[in-house]
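Trainee: Here is the input, now give the coordinates:
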Amino acid sequence: MSNKATRDHFGEYLIKLGEKHKNIFVTGCDLATATRSIDFKKKFPDRYVECGISEANAISISAGLFLEGFRPLLCSFGHFLTGKWLEIFQSVGLNNTGVVLVGTHAGLAIGKDGPTQMGLRDIGLMKMLPNLEIIHPIDKFETVSAMEYIATTNHPIYLRLCRQPVNEYHNSDYKFNSKKIDVLQNGNEYLVFGQGGTIDPIMLSAKRLEKEKNIKITVVNISSLPYDENSFKKVLKDHKKILVVEDHFNKGGIYEEIIKSLYKNKFITDIRHIAVNDYAQAADPNELYKSYKMDETSIFNTIYEWK
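Mentor: Just a heads-up that it's a prediction; the model follows:
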C-alpha cells in the first residue's frame, strides 16, 4: 500500500524526471508546496519559473517555453488552472503547444476550503479541447508511468492529481497505456467505472460485496480521455448494470462519455451515476464523500440494493 496522494508521487518523481529529461521545465503559481513541485524548484532553480498568483500569465509563459524547446509542466490547483480556460484555449489548444497542465486537488478532498478551490468542473472544461489529453492516475505506479509517457510526448495534456491518500492497485511492471481502458477487477453482472480518488472506495466496496454478499463486480479505471472505443467495448460483455462514480460535477465528466459510447455500441443497459449534483459544500472531506454517496458504504449499498 502506498498510502500517499498522487500529488505526492508526482512531486517525488518530478525530481527524477528532471534528471532524466533535461527539457523538463516547471512553472508555478505560488503553490509549489501544495502542488508538490517545491523540491524540483529547489533542485533545478534554472528550470523553474515562479509566476505568482497569475495562472493566465503562467499559461502564456509555458506556451512560450514549449516553443523554445522545453516540455513545460504548469502546476496549480485544478480549479484555478482550468478557470483560465480562454487562455488555455488560445495559447495551448489553438496553437497546439505541448504544455502539461498539472491540476492538483481534484474533487471534494480539499474539504473545508470549499467549492471556491475544489476541482469539480475541470474535466468538463478540458475535454472540450480537441487536441488535449486528460490523464488521471490512481496510484504511485500509474503516476510514475504516466509521467514518463508525458516526458516523451509533445502534445497538450491535463494531468489531474488528487489530494487524498490512495492505495496501490498496480505494480512496478505496470506501463501506462494512453487511451486504453484499465480493468482492475473482472466480475459478472455489475460494471463500475471510476477515476482517481474514487477508485479506492469502489475497490473497498468491491471486496466487501464479494466477501459478504458473494457479488463480484467489474471495476474499470478510466485514467485517460479520450479513451479507445475498442477497449471500452471489450469490457461491456454481458454486464446488465453499470455504475459511474466520479469526483466531479454530474455534468461534463466521464458519465457523458460513457453514455455516448454505450449509444455507439448499441448497448442498452441499466446505468446509474454518482457525482456532485450542486456547487458542493465546505466540510470535512469524509463527511462530503458520505453526503454525495461516494464513500465505500454508500457504493456498497448502491450496488447491493440495486434491483
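Trainee: going forward, measure contacts between C-alpha atoms and count neighbours the same way
Mentor: Will do.
Trainee: so Phe267, which of the three states?
Mentor: Of the three states, Phe267 takes coil according to DSSP: H, G, I helix; E, B strand; the rest coil.
Trainee: Which residues does stretch 191-209 contact?
Mentor: Outside of stretch 191-209, the residues within contact range by CA atoms under 8 Å, 6 or more residues apart in numbering are 136-138, 161-162, 164, 166-167, 215-223, 236, 239, 241-247, 294-297, 299-300, 304.
Trainee: Quick one: mean pLDDT for stretch 251-263?
Mentor: When pLDDT is averaged along stretch 251-263, the result is 96.
Trainee: swap that for stretch 222-233, sorry
Mentor: Computed over stretch 222-233, the mean pLDDT rounds to 94.
Trainee: Give the buried residues for it.
Mentor: Of the residues in stretch 222-233, those buried under the neighbour-count criterion (16 or more other CA atoms under 10 Å) are Ile222, Ser223, Ser224, Leu225, Pro226, Tyr227, Glu229, Phe232.
Trainee: Was I right to think the last one contacts Ile181?
Mentor: Pointing back at Phe232 there. Yes: under the criterion of CA atoms under 8 Å, Phe232 is in contact with Ile181, at a separation of 6.1 Å.
Trainee: quick one, strands of the stretch 201-307 of the chain?
Mentor: With DSSP state E, counting those that start in this stretch as the definition, the stretch 201-307 of the chain shows strands at residue ranges 218-221, 224-225, 241-249, 270-276.
Trainee: And the stretch 51-200 of the chain, by the same measure?
Mentor: Counting by DSSP E, counting those that start in this stretch, the stretch 51-200 of the chain has strands at residues 71-77, 100-104, 133-135, 157-160, 182-185, 190-194.
Trainee: Put together TSV for the ones you listed, with distance to Lys22 and mean pLDDT on each row.
Mentor: TSV is the format used below for the strands of the stretch 51-200 of the chain (distance: least, CA to CA, whole Å; pLDDT from 0 to 100):
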stretch	distance to Lys22	mean pLDDT
strand 71-77	9	98
strand 100-104	16	98
strand 133-135	22	98
strand 157-160	19	98
strand 182-185	31	96
strand 190-194	34	97
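Trainee: Distance to Lys84 and mean neighbour count added to the ones you listed, as a markdown table?
Mentor: A markdown table is the format used below for those (distance: least, CA to CA, whole Å; neighbours: other CA atoms under 10 Å):
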| stretch | distance to Lys84 | mean neighbour count |
| --- | --- | --- |
| strand 71-77 | 11 | 27 |
| strand 100-104 | 11 | 27 |
| strand 133-135 | 16 | 24 |
| strand 157-160 | 13 | 25 |
| strand 182-185 | 30 | 16 |
| strand 190-194 | 26 | 24 |
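Trainee: Indicate which one of the strands of the stretch 201-307 of the chain is closest to Lys41.
Mentor: With CA to CA, the closest approach to Lys41 among those belongs to strand 224-225: 27.7 Å.
Trainee: what residues are up against the residue nearest the centre of the chain?
Mentor: Using CA atoms, centre = their mean, the residue of the chain that lies closest to the mean C-alpha position is His136, 2.5 Å off. Contacts for His136 (CA under 8 Å, 6+ apart) come out as Leu159, Arg160, Leu161, Gln195, Gly196, Ile222, Ser223, Ser224.
Trainee: let's see it at 6 Å
Mentor: Arg160, Gly196, Ser223 (CA atoms under 6 Å, 6 or more residues apart in numbering).
Trainee: Equivalent analysis for Asn188, please.
Mentor: Taking CA under 6 Å, 6+ apart, one finds Ile217 in contact with Asn188.
Trainee: hang on, the earlier thing: of the buried residues of stretch 222-233, closest to Asp113?
Mentor: Out of the buried residues of stretch 222-233, the one with the shortest distance to Asp113 is Ser223. That distance is 26.1 Å, counting by CA to CA.
Trainee: so what's that closest one up against?
Mentor: Counting by CA under 6 Å, 6+ apart, the residues that Ser223 touches are Ile135, His136, Pro137.
Trainee: So what's the residue count around Gln90?
Mentor: Other residues within reach of Gln90, judged by other CA atoms under 10 Å, total 15.
Trainee: for Ile271, that is, sorry about that
Mentor: Neighbours of Ile271 under the rule other CA under 10 Å: 16.
Trainee: Surely it and Ile242 touch.
Mentor: Yes: in terms of CA atoms under 6 Å, Ile271 counts as a neighbour of Ile242; the distance is 4.6 Å.
Trainee: In stretch 77-93, which residues are buried?
Mentor: In stretch 77-93, counting by 16+ other CA under 10 Å, buried: 77-85, 87-89, 91-93.
Trainee: and the helix or strand of the chain with the lowest mean pLDDT, C-alpha only, in PDB?
Mentor: Using mean pLDDT, DSSP states H and E, the weakest-scoring helix or strand in the chain turns out to be helix 229-236, at a mean of 92. Extracted C-alpha coordinates of helix 229-236, given in PDB (Å, rounded to 0.1, in the frame of the first residue of the first chain):
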ATOM      1  CA  GLU A 229     -13.600   2.800 -28.100                       C
ATOM      2  CA  ASN A 230     -12.500  -0.700 -28.900                       C
ATOM      3  CA  SER A 231     -11.000  -1.300 -25.400                       C
ATOM      4  CA  PHE A 232     -14.300   0.200 -24.000                       C
ATOM      5  CA  LYS A 233     -16.400  -2.200 -26.000                       C
ATOM      6  CA  LYS A 234     -14.400  -5.200 -24.700                       C
ATOM      7  CA  VAL A 235     -15.300  -4.600 -21.100                       C
ATOM      8  CA  LEU A 236     -19.100  -4.300 -21.800                       C
END
